[in-house]
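Asker: My questions concern the predicted model and sequence given below.
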Amino acid sequence: MKARSTLSIAVALLLATLVGGNAAGQTTPPKVKEFRLWKFDELNYNHTCRAKGRLKDKGYCDSKLMDQIIAQGKASIPVLISQLTDTRSTQEPIYDYWSHTTSGDMAYFILTDLFTEPDRKTFNMPGLELLNPWCDAAAETCRRKFLRKGGRKFVQDRWHESWNANEGRVYWDEVARCFRLSPSARTK
């Protein structure tokens, strides 16, 4: 009887190990070191991601890459920050009226979108206000002008500083589909 009980426990442990799911029965997506931003995919033939909006909004932008980034949760943020200096061109411009976009541009757009509320005005990551100076020109012109003046490394360094200062307060709000900051650090 004891041998049968021990065998049952061993089989149960083996099955639990092989299934590899968490307590909710879901598997955690494997961590990535880089997102293939230069191969940004729009699954809709109408290129819905190009118009003004938030790249993370499902009804607005249908993209497996965005799904992968969202699935990574907070772990996606340092990966995207590391890609801010990447100058590889995307297959085609991601936004309407832009002549070209790079992986670094995409990382910036996505990071900004991930911390922007549904009102498209409220940005939830403090310390990055200077990355969006007032400019009375087209968005691409303003971005290129800013990058010529400060450089991609400057943008990356500001994001690193802000992320390091606020990481413990960041959480994902599924209803708003954006990262928000709690008043105090959250436990993991």
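Answerer: Yes, it's here. Numbering: from 1, shown residues only.
Asker: switch to C-alpha atoms for all contacts and neighbour counts from now on
Answerer: OK.
Asker: What strand or helix carries the nearest residue to residue 66 once chain neighbours are set aside?
Answerer: Nearest residue to residue 66, sequence neighbours excluded (Cα to Cα, 6 or more residues apart in numbering): residue 56, at 6.2 Å. For residue 56, there is no host helix or strand (DSSP states H and E).
Asker: ok, so what distance separates residue 56 from residue 71?
Answerer: Taking Cα to Cα, to the nearest Å as the measure, residue 56 falls 11 Å from residue 71.
Asker: try residue 37
Answerer: Relative to residue 71, and taking Cα to Cα, residue 37 is found at 16 Å.
Asker: For these two, indicate the residue with more neighbours.
Answerer: Per other Cα atoms under 10 Å, whichever of residue 37 and residue 71 has more neighbours is residue 37, with 23 against 15.
Asker: Surely the more buried one touches residue 105?
Answerer: No. Residue 37 is not in contact with residue 105 according to Cα atoms under 8 Å; the separation is 9.1 Å.
Asker: need the strands for the chain, in chain order.
Answerer: Using DSSP state E, the strands of the chain run over residues 170-173, 178-181.
Asker: ok, and what's touching the first one?
Answerer: This means strand 170-173. 73, 74, 178, 179, 180, 181, 182, 185, 186 (Cα atoms under 8 Å, 6 or more residues apart in numbering).
Asker: Over to the last one?
Answerer: Here strand 178-181 makes contact (Cα under 8 Å, 6+ apart) with 113-118, 124-125, 166, 169-173.
Asker: what two of those are the furthest from one another?
Answerer: Using Cα to Cα, the two most remote members of the contacts of strand 178-181 are 118 and 166, lying 20.8 Å apart.
Asker: In stretch 102-120, which residues are buried?
Answerer: 102-118 (16 or more other Cα atoms under 10 Å).
Asker: actually stretch 83-94, not the one I wrote
Answerer: Buried residues in stretch 83-94 (16+ other Cα under 10 Å): 83, 84, 85, 86, 89, 90, 93, 94.
Asker: where does this protein have low pLDDT?
Answerer: 1-30, 42-48, 50-53, 186-188 (pLDDT under 70).
Asker: Swap in 90 and give it another go.
Answerer: 1-34, 38-67, 90-98, 118-122, 127-136, 139, 183-188 (pLDDT under 90).
Asker: which residues in it form helices?
Answerer: 2-19, 64-72, 76-82, 103-114, 139-150, 152-166 (DSSP state H).
Asker: May I see those arranged in TSV, with distance to residue 132 as well?
Answerer: Compiled in TSV, the helices of the chain are given as follows (distance: least, Cα to Cα, whole Å):
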stretch	distance to residue 132
helix 2-19	46
helix 64-72	23
helix 76-82	16
helix 103-114	10
helix 139-150	9
helix 152-166	10
